[in-house]
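Provided below for reference: sequence and predicted model.
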Amino acid sequence: NAGVTQTPKFQVLKTGQSMTLQCAQDMNHEYMSWYRQDPGMGLRLIHYSVGAGITDQGEVPNGYNVSRSTTEDFPLRLLSAAPSQTSVYFCASRSIRRVNAETQYFGPGTRLLVL
Amino acid sequence: SQQGEEDPQALSIQEGENATMNCSYKTSINNLQWYRQNSGRGLVHLILIRSNEREKHSGRLRVTLDTSKKSSSLLITASRAADTASYFCATDHSGSARQLTFGSGTQLTVLP
């Protein structure tokens, strides 16, 4: 299993540009989520999904869109990038149906710089 | 806002010593988890303790949970230079739709 994969690893954008951060998992996990991590801080939840076709907002959703058309993929879209969105973005997944499976599995992260 | 708050923010010890990190939270939890993050990498799950458990061990890791004080501690015994990383607690709250809320982390440096 590849686990949770993210692309790209690093991206530079200009203010106002849009882009999509890709996330995929091959563990058949129902729950997927996106976090951002800023220097010296923990992770803050942007959006999450409990299954295909179901998404919901987290703590800091403004400026981001998500969709979940398949179990495997959960892309994060930046509609109009702003310097405040410079951060490291992590995708994570976990099982919901399996008992005692609360562990989240994280991807390696995408470093985004918005100029 | 973040639920978990780790203490201390940074900790520097010598190899072989024990490292203790603390986490406090605000509302009732289903479980509390500890994660490790090496520099420039994603988070890796270390250990989970449920709300009805008070202590749990995994190798050199010992986690305690005091729900009356809404706090947890992570002890790493006989630390090694390879333990140098950031450590985060994450709380799984009742009725939170499976969301994990992360603290700001403790940066542990183990000197050889």
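Perfect, thanks for sending it. Numbers count the residues shown, from 1 in each chain, chains lettered A, B, ... in the order given.

tell me the buried residues in the helix or strand containing residue B:65?
Per DSSP states H and E: residue B:65 is located in strand B:61-66. Going by neighbour count (16 or more other CB atoms under 10 Å in any protein chain shown), the buried part of strand B:61-66 is B:61-65. No exception for glycine: its C-beta is placed from N, CA and C like everyone else's.

how about stretch A:20-32?
Buried residues in stretch A:20-32 (16+ other CB under 10 Å): A:21, A:23-25, A:29-32.

most widely separated two among the residues you listed?
With distances taken as CB to CB, the most widely separated pair in those is A:21 and A:30, at 20.4 Å.

now the strands for the chain?
I went with chain A, as the question did not name one. Counting by DSSP state E, chain A has these strands, from start to end: A:4-7, A:10-13, A:19-25, A:31-37, A:43-51, A:54-57, A:64-66, A:76-78, A:87-94, A:105-106, A:110-114.

chain B was what I was after
B:5-7, B:10-14, B:19-24, B:29-37, B:43-50, B:55-58, B:61-66, B:71-76, B:85-93, B:100-102, B:106-111.

for these, give me TSV that also has distance to chain A.
As requested, the strands of chain B are exported to TSV (distance: least, CB to the nearest CB, whole Å):
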stretch	distance to chain A
strand B:5-7	8
strand B:10-14	10
strand B:19-24	11
strand B:29-37	6
strand B:43-50	4
strand B:55-58	12
strand B:61-66	14
strand B:71-76	15
strand B:85-93	6
strand B:100-102	4
strand B:106-111	9
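
out of the buried residues of stretch A:20-32, which is nearest to residue B:50?
Closest to residue B:50, out of all of the buried residues of stretch A:20-32 and judged by CB to CB, is residue A:31, at 18.3 Å.

show me what contacts the closest one?
Neighbouring residues of residue A:31 by CB atoms under 8 Å, 6 or more residues apart in numbering or on different chains: A:48-51, A:93-96, B:98.

could you redo the last one with a cut-off of 7 Å?
A:48, A:50, A:93-94, A:96, B:98 (CB atoms under 7 Å, 6 or more residues apart in numbering or on different chains).

so how far is residue A:24 from the closest residue to residue A:57 other than its chain neighbours?
Using CB to CB, 6 or more residues apart in numbering or on different chains and skipping the chain neighbours, the partner closest in space to residue A:57 is residue A:47 (6.0 Å). Noted for residue A:47: a distance of 16 Å to residue A:24, by CB to CB, to the nearest Å.

perfect, that will be all.
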